[in-house]
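Colleague: after the sequence you'll find the predicted model.
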Amino acid sequence: MPEQDRPGRLSRRAFIQAGLLGAGATALLPISVPVAKPRDIPRNRTLTLVWTGREGRWVDHELWNPYAIGANHQSGPGMFYEPLAYYSAFADKEYLWLAESYAYSPDFKELTIKTRSGITWSDGVPFSAEDVAYTLNSLRDLGPKVRWGVDVQQFMQEARVADPNTVVITFKVPAPRFFYFMTYKYDIGVYIVPKHIFQDQDWTTFKHFDVDKDWPVTTSPWQVVFASPEQKIIDRRDEWWAARAGLAPMPRVERNIWLPSAGEQQLAQALITNQVDYSTSLLPTTLPTVFRQNPKIITHSGQKLPYGYMDWWPSSLYVNNEQPPFNDKDIRWALSAFIDRQQIIDVGWAGAAEPSPLPIPAYPALRPYIDSVKDLLAQYNTLEFNPKKGEEILSKKGWKKDRSGFWADTQGSRLTLEIICTGGLGSAVGPVISEQLKRQGVDASFSLPPDFNVRFQQGQYIGALYGHGGSVTDPYHTLRLYQSASLAVPGAHLVNFTKWKNEAYDKIVDEVFVTDMKDTAKLMALFRQAMEIWIPELPDIPLTHFYHRIPMNTTYWKNWPTAENPYVNGAFWHLTYAMVLWNLQATQ
Amino acid sequence: MQLAYVAKRCGVFLLIVWLAATLNFFLPRLSGQDPVREKLLQQAQLGGYVQAGIEAMTREYEQRFGLNQPLWSQYLAYLYDMSRLRFNYSISHYPRTVNEIMAEAIPWTVGLLGTTTVLSFTIGTLLGAFLAWPGAPRSLRLLMPPLWALHAIPFFLCGLILMYLLAFQLQWLPMFGGYTAGAFPALTLAFVGDVLQHAVLPALSIILVATGGWALTMRGMMVTTQGEDYVTFAEAKGLKSRTVFLRYCVRNAILPQTTALALALGQILSGAVLVEVIFAYPGIGTVLFHAIRENDHFLIQGIVFSVIVALGVATLLLDVLYPWLDPRITYRRA
């Protein structure tokens, strides 16, 4: 008897049939895990937004502890950890939140924070000063293991609970900006966590997510009801302490769906068909098409240029100040004179941008500082496009053009500038600026290397395009970006991407650091002193302001943050998204 | 079947897996990039701000991932982890583990690629058989040029064309995603329909391209088989044309196709990476694409190792199961 036909053996036909059946059944694999269905909420009470994700999927949908290193407050967790205070740079206004008041000692070595009473976490446990002290002391102890750990560690001695609503923080050095550091604005602020949940956990691996347990535990009016690689669904709770206290109205949004972006084209289509209400920035070339096909879509500037608002990240052409010939300020000025900012705006940004004379955004609180150095900017015009002036500078230094029209020094070495860039800034500006410099005789090139961040941070670059995550209210945070050493902050971790060094400048910035944020007269004087050094030295070459071109759909929601109603910047990925949610009104 | 033969095949399987796994360990490290630092700086850059202590954080996490160890020590730890199918934490999604991430994505890819591979195999094989059969309708031959043309197009390009036509212009099908935003996964007809509807475009872009390949190879095999003596003998006996076609030609011509099918099924995990990426399909292809971009050594290692094992297992199974498919093959000693 043939082997395959023996009784009890699988026949060939049965084997093939079983194989085909098995393969067919795989089509249903993705839907093999049912979950409990949350309540139905109509579309006109749902706010659907699209944020970056990764190639159209969330990779962090289980991470609701923003201190886990793979987590990011930008993709949802920021909604759940209410701050001691919010700050809107557009309104130049501080909103005390979990904190009721705060006061520094005269030497700024002690900070007393009074927290509000009557706040409870979503599991019913009262919020108290214990939570604030626990958060800060844990950050100090964890140090480099978690975000903000080092920032707290380098300043804070101890946070101690004086009574259930009072925290007293002592510092190693005067720290007049510590409360501001903890305040939510843009991407900076300390997330206050529930002590009773976090105290038994390893902060670096704790996910703080379990729908069945109603985690993440929060003081906010939000609850995660579903999270998967495809979407994060966040529903409004029925009760919120801040609404009860009259601090903010209960949000009208009842459901907030966070979708990962699948790309610009797909996103534009979803906005046109009203599937999406709010999204990550679109390119200035895409927005007019979206406006034409869906007139209900607006941006911060309506449907007019620049299709958005000025971000806190003015961009510059960085040159490595440790690398000759760019260690010579005259060479930096020559490069600046060769750059036509208006052409960068017209070609790179489709007309939707403005030049930036300094690495500081022109926000309400910062405008007086910028105005105070107008005379310096008139004397040293950081935006001037004047190729002849650039040529004169180089000629005086002994540079000559070679046969190919490139500048070369006395040894015959060309003026070569390899520019590295990343992201949207690199794609938009990189080709334009490298071509401009080539036409002026600089042997410039640009690339978008995958290890840009490492090379840039470690100074392994000659030229780079990048922004400035610095000041939004007083000039300290931008000034410190150029500090090469600090005595005021022992063990300070310095940024100094340009590798520029100036002792006098460092001392001024240290002086700014210990100055009260409210002492604007003194800050103004110190800022001027710093700029008297910075502007003539030109450590990096200012280009343009950076813009968030965020589409906002008025089909279902109105009262978006706009130029006419600038209660806050409109980036929902920033820590001030809660303020947008207080303000949105349903149209239907 | 001899036990010795199976043991030998298993030994070869293990050797291949070890060699491939070793390459898998060293290749991502050749780039010389520092994935931990890159990840931390990328996080910082997302916020437009560089928080203090990136250096200290980098050291801390390199230690945690074992990346501060000598390469040989990392390699031994890697082999130990692979032997237990535990792929460590993902660098870019820490503290999520590679196993967790893969477990989420694999059902989508296996669902999509498993179905499309079997469908394209079935359609392509039948088409190829008919294209070579003299008794088939002549109109069928008109399919040859488009099949050749489609076979030459990459999956993702076909996907982009279909997306433009069927999703953007005609709006018949959803453009991207695994299911509609706001829908909750459940074993309901509505949700099953939604998932299938979202799978149509990526599936179609694979089937259209892959079918051509299957059809062309089957046609070639059929032409060879039709010249065999046993086919001439069957025709001379006066057997029905249908019988000669199915029992004598197709049955014999399909064997090499089956081998290719087994290998194609083994490759399912590597996925149609770019198809998944352009349709934002939540499968393993998008995860792999992301892992490569982020230089996430552990995630790349986990996915590639799984592909290696899947291919090895498919080949091993094929060898072991071939006697069931082709009675002429036996591993018994004469």
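Modeller: Alright, I've got the coordinates.
Colleague: find the nearest non-adjacent residue to residue 235, please.
Modeller: All of this refers to chain A. A:Val225 (4.9 Å; CB to CB, 6 or more residues apart in numbering or on different chains). Placement of C-beta: from N, CA and C, glycine included.
Colleague: to clarify, I was referring to chain B.
Modeller: Spatially, and ignoring its direct neighbours in sequence, B:Glu235 is nearest to B:Val244 (5.9 Å; CB to CB, 6+ apart).
Colleague: could you check how far the one you found is from B:Phe121?
Modeller: Computed as CB to CB, to the nearest Å, the B:Val244 to B:Phe121 distance reads 23 Å.
Colleague: low-confidence ranges, the stretch 351-500 of chain A, go.
Modeller: Applying pLDDT under 70 to the stretch 351-500 of chain A picks out residues A:492-493.
Colleague: spell out which residues of it are next to chain B.
Modeller: Counting by CB under 8 Å from any CB of the partner chain, the stretch 351-500 of chain A comes close to chain B at A:Thr422, A:Gly423, A:Pro450, A:Asp451, A:Asn453, A:Val454, A:Gln457, A:Gly467, A:Gly469, A:Ala492, A:His493, A:Val495.
Colleague: let's go with 10 Å and repeat that
Modeller: The stretch 351-500 of chain A comes close to chain B at residues A:422-423, A:449-458, A:466-470, A:477, A:481, A:489, A:491-495, A:497, as judged by CB under 10 Å from any CB of the partner chain.
Colleague: please pick the buried ones from those residues.
Modeller: The neighbour-count test (16 or more other CB atoms under 10 Å in any protein chain shown) marks A:422, A:451-457, A:466-470, A:477, A:481, A:489, A:492-495, A:497 as buried among those.
Colleague: which ones among those lie within helices?
Modeller: Counted as lying in helices by DSSP state H, out of those, are A:Phe452, A:Asn453, A:Val454, A:Arg455, A:Phe456, A:Gln457, A:His477.
Colleague: any idea which of the residues you listed is closest to A:Val347?
Modeller: Closest approach between these and A:Val347, by CB to CB: A:Phe452, at 22.1 Å.
Colleague: could you measure from the closest one over to A:Gly430?
Modeller: In this view, A:Phe452 and A:Gly430 are 11 Å apart by CB to CB.
Colleague: and for these two, which residues touch both?
Modeller: Taking CB atoms under 10 Å, 6 or more residues apart in numbering or on different chains as the contact rule, A:Phe452 and A:Gly430 both touch A:Ile420, A:Cys421, A:Thr422, A:Ala464, A:Leu465.
Colleague: returning to that earlier point: looking at B:Val244 and B:Phe121, which one has more neighbours?
Modeller: Neighbour comparison, B:Val244 and B:Phe121: the larger count goes to B:Phe121, with 25 against 22 (by other CB atoms under 10 Å in any protein chain shown).
Colleague: same for the helix or strand hosting A:Gly390, what does it pack against?
Modeller: Using DSSP states H and E, A:Gly390 sits in helix A:387-396. Contacts defined by 3 or more CB pairs under 10 Å, 6 or more residues apart in numbering or on different chains; DSSP states H and E place helix A:387-396 against helix A:329-338, strand A:400-401, strand A:407-408, helix A:423-439.
Colleague: distance to A:Asp141 for those - can I get that in CSV?
Modeller: What follows is those, written out as CSV (distance: least, CB to CB, whole Å):
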stretch, distance to A:Asp141
helix A:329-338, 43
strand A:400-401, 60
strand A:407-408, 54
helix A:423-439, 35
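Colleague: quick check, pLDDT for residue 8.
Modeller: Went with chain A since none was named. For A:Gly8, the pLDDT comes out at 52.
Colleague: meant chain B, my bad for not saying
Modeller: 84.
Colleague: isn't it right up against B:Val320?
Modeller: No: shown here, B:Lys8 and B:Val320 do not form a contact pair, counting by CB atoms under 10 Å, at 11.5 Å.
Colleague: the more surrounded of those two?
Modeller: B:Val320 (15 against 11).
Colleague: check which helix or strand the residue nearest to that one when sequence neighbours are not counted maps to.
Modeller: Excluding its sequence neighbours, the residue lying closest to B:Val320 (CB to CB, 6+ apart) is B:Val6, at 6.4 Å. In the assignment (DSSP H and E), B:Val6 maps to helix B:3-30.
Colleague: what helices or strands is that helix leaning on?
Modeller: So helix B:3-30, by 3+ CB pairs under 10 Å, 6+ apart, packs with helix B:71-83, helix B:297-325.
Colleague: the inter-axis angle of it versus helix B:297-325?
Modeller: Here helix B:3-30 runs at 160 degrees with respect to helix B:297-325, directions being taken by axes from the mean of the first three to the mean of the last three CA atoms, to 10 degrees.
Colleague: now helix B:3-30: buried residues?
Modeller: Using 16+ other CB under 10 Å as the test for burial, helix B:3-30 gives B:Arg9, B:Phe13, B:Ile16, B:Val17, B:Ala20, B:Ala21, B:Asn24, B:Phe25, B:Pro28.
Colleague: what's the most distant pair in the residues you listed?
Modeller: Greatest spatial distance in those: B:Arg9 and B:Pro28, 29.7 Å, computed using CB to CB.
Colleague: count of residues packed around the residue of the stretch 201-350 of chain A at minimum distance from chain B?
Modeller: Using CB to the nearest CB, the closest approach of the stretch 201-350 of chain A to chain B is made by A:Ala262 at 3.3 Å. Using other CB under 10 Å, the number of residues around A:Ala262 comes to 24.
Colleague: in chain B, what residue is nearest chain A?
Modeller: In chain B, the residue that lies nearest chain A is B:Ala280 (2.4 Å; CB to the nearest CB).
Colleague: quick check: closest non-adjacent residue to that residue.
Modeller: Spatial nearest neighbour of B:Ala280, chain neighbours left out: A:Gly56 (2.4 Å); criterion: CB to CB, 6+ apart.
Colleague: what helix or strand does the residue nearest to B:Thr243 when sequence neighbours are not counted sit in?
Modeller: The shortest distance from B:Thr243 to any non-neighbouring residue, by CB to CB, 6+ apart, is to B:Ala234 (7.4 Å). For B:Ala234, the host element (DSSP H and E) is helix B:229-236.
Colleague: how about A:Ala530?
Modeller: In this structure, A:Ala530 is located in helix A:520-537 according to DSSP H and E.
Colleague: report all helices and strands that that helix contacts.
Modeller: Contacts defined by 3+ CB pairs under 10 Å, 6+ apart place helix A:520-537 against helix A:329-338, helix A:367-372, helix A:374-379, helix A:476-479, helix A:503-513.
Colleague: list the buried ones in the second one?
Modeller: Taking 16+ other CB under 10 Å as the neighbour-count basis, helix A:367-372 is seen to contain the buried residues A:Tyr369, A:Ile370.
Colleague: so which elements touch it?
Modeller: Against helix A:367-372 (3+ CB pairs under 10 Å, 6+ apart) you get helix A:520-537.
Colleague: and the angle from the helix it packs on to helix A:329-338?
Modeller: Using the same axes, to 10 degrees: helix A:520-537 against helix A:329-338 is 90 degrees.
Colleague: ok, the very next helix or strand once past helix A:520-537: who's next to it in the sheet?
Modeller: Next helix or strand after helix A:520-537 toward the C-terminus (DSSP H and E): strand A:540-542. Here strand A:540-542 has these sheet partners by DSSP bridges: strand A:316-319 (antiparallel).
Colleague: check contacts around the spatially closest residue to A:Asp540 that is not a sequence neighbour.
Modeller: The shortest distance from A:Asp540 to any non-neighbouring residue, by CB to CB, 6+ apart, is to A:Ser316 (4.1 Å). Contacts of A:Ser316 were listed using CB under 10 Å, 6+ apart, and they are A:336, A:356, A:358-359, A:382, A:464-468, A:497-498, A:538-544.
Colleague: now do A:Ser316 against A:Ala362, distance only.
Modeller: The value you get for A:Ser316 to A:Ala362, if CB to CB is used, is 15 Å.
Colleague: equivalent analysis for A:Asn165, please.
Modeller: For A:Asn165 relative to A:Ala362 (CB to CB), the value is 39 Å.
Colleague: just A:His468 next, same as before
Modeller: 13 Å.
Colleague: repeat for B:Asn24
Modeller: Separation of B:Asn24 from A:Ala362 (CB to CB): 51 Å.
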